[in-house]
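In: this is the structure alone, sequence omitted:
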């Protein structure tokens, strides 16, 4: 019997993160020292310093924070997208956790993200613990056996067990001939747009577009027809 989740039982998720502070100098002296240790392998060039590579701190849950979580659910052939975002990470995570508690009504429900098992899902769990927010059952992997974890990773689906390299979501949309909306920013621009331009709305739009791409890639990977643009609501 096929126990894989139905389309309507999957929540498609993407997150955007930034460094916890705008600059390295804003960290406490102890945090600066800890970042220097964490970032040691990022120092590729002779002129690189922990301060210069601090812009990459947003990819580490110990030094980054979540500013946007976009989630999509398919209902009657329509993709409905909702975003949780703001400057107060605790509020963003609490609101998303409550949404998951409503969504998760059976053991057959699942979360889907691209590289989610390595980034999105553990990042969310770690930041929830930092804020002492109970981790929703569907997100939490602690104490579970691998087959009890209902997480779908589109990058993992594409790899077929080959873990030699990273395949981007953008590359898969091109490969599968999935129409991709033109973005004026990329993941590398998020911290700058957040701290220097104070344009969170622009980041939310970018995050929602990634949820659309994620969902469409999942449809291709499972040999299902793409969702038409008129059936995408955000």
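Out: Good, I have the coordinates. Please read these numbers as outputs of a predicted model, since none were measured by experiment.
In: quick check, residue 164 in a helix?
Out: No. Under DSSP: H, G, I helix; E, B strand; the rest coil, residue 164 sits outside any helix and is assigned coil.
In: how close does it get to residue 173?
Out: Residue 164 sits 21 Å away from residue 173, taking CB to CB, to the nearest Å as the criterion. No exception for glycine: its C-beta is placed from N, CA and C like everyone else's.
In: between these two, which is the more surrounded one?
Out: residue 173 (19 against 5; other CB atoms under 10 Å).
In: so the more buried one is in contact with residue 216, correct?
Out: Yes. Counting by CB atoms under 8 Å, residue 216 is a contact partner of residue 173 at 6.9 Å.
In: go through the longest strand along the chain and flag the buried ones.
Out: Criterion DSSP state E: the longest strand present in the chain is strand 64-75. By neighbour count on 16 or more other CB atoms under 10 Å, the buried set for strand 64-75 is 64-74.
In: what strands flank that strand, and is each parallel or antiparallel?
Out: strand 10-19 (antiparallel), strand 78-85 (antiparallel) (DSSP bridges).
In: surely residue 84 and residue 90 touch.
Out: No. At 11.6 Å, residue 84 does not count as touching residue 90 under the criterion of CB under 8 Å.
In: which of the two has more neighbours?
Out: Using other CB under 10 Å as the criterion, residue 84 and residue 90 rank with residue 84 on top: 21 against 16.
In: wait, what's in contact with that one?
Out: Applying CB atoms under 8 Å, 6 or more residues apart in numbering to residue 84 gives the contacts 68-71, 92, 95-96, 99.
In: now residue 202
Out: Counting by CB under 8 Å, 6+ apart, residue 202 makes contact with 184-185, 193.
In: redo that, cut-off 6 Å
Out: Going by CB atoms under 6 Å, 6 or more residues apart in numbering, residue 202 touches residue 193.
In: if I look at residue 112, how far off is residue 156?
Out: With distances taken as CB to CB, residue 112 is found 10 Å from residue 156.
In: these two: which is more packed in?
Out: residue 112 (25 against 17).
In: over to that one: give its phi and psi.
Out: The phi and psi values for residue 112, taken as degrees, to the nearest 10, are phi -130, psi 130.
In: confirm for me that it is in contact with residue 153.
Out: No. Residue 112 is beyond contact range of residue 153, at 7.5 Å (criterion: CB atoms under 6 Å).
In: what's the lowest-pLDDT member of the contacts of residue 84?
Out: On pLDDT alone, residue 99 ranks lowest of the contacts of residue 84, at 93.
In: low pLDDT regions in this structure?
Out: 1-3, 181-182 (pLDDT under 70).
In: next secondary structure after the longest helix along it?
Out: Longest helix in the chain, counting residues (DSSP state H): helix 200-221. The first helix or strand that comes after helix 200-221 along the chain, using DSSP states H and E, is strand 232-233.
In: okay, now the sheet partners of that next one, with direction.
Out: Applying DSSP bridges, strand 232-233 is found paired with strand 78-85 (parallel).
In: residues of the strand it pairs with that come out buried?
Out: For strand 78-85, using 16+ other CB under 10 Å, the buried residues are 79, 81-85.
In: then stretch 177-189?
Out: Neighbour-count burial for stretch 177-189 flags 178, 187, 189 (criterion: 16+ other CB under 10 Å).
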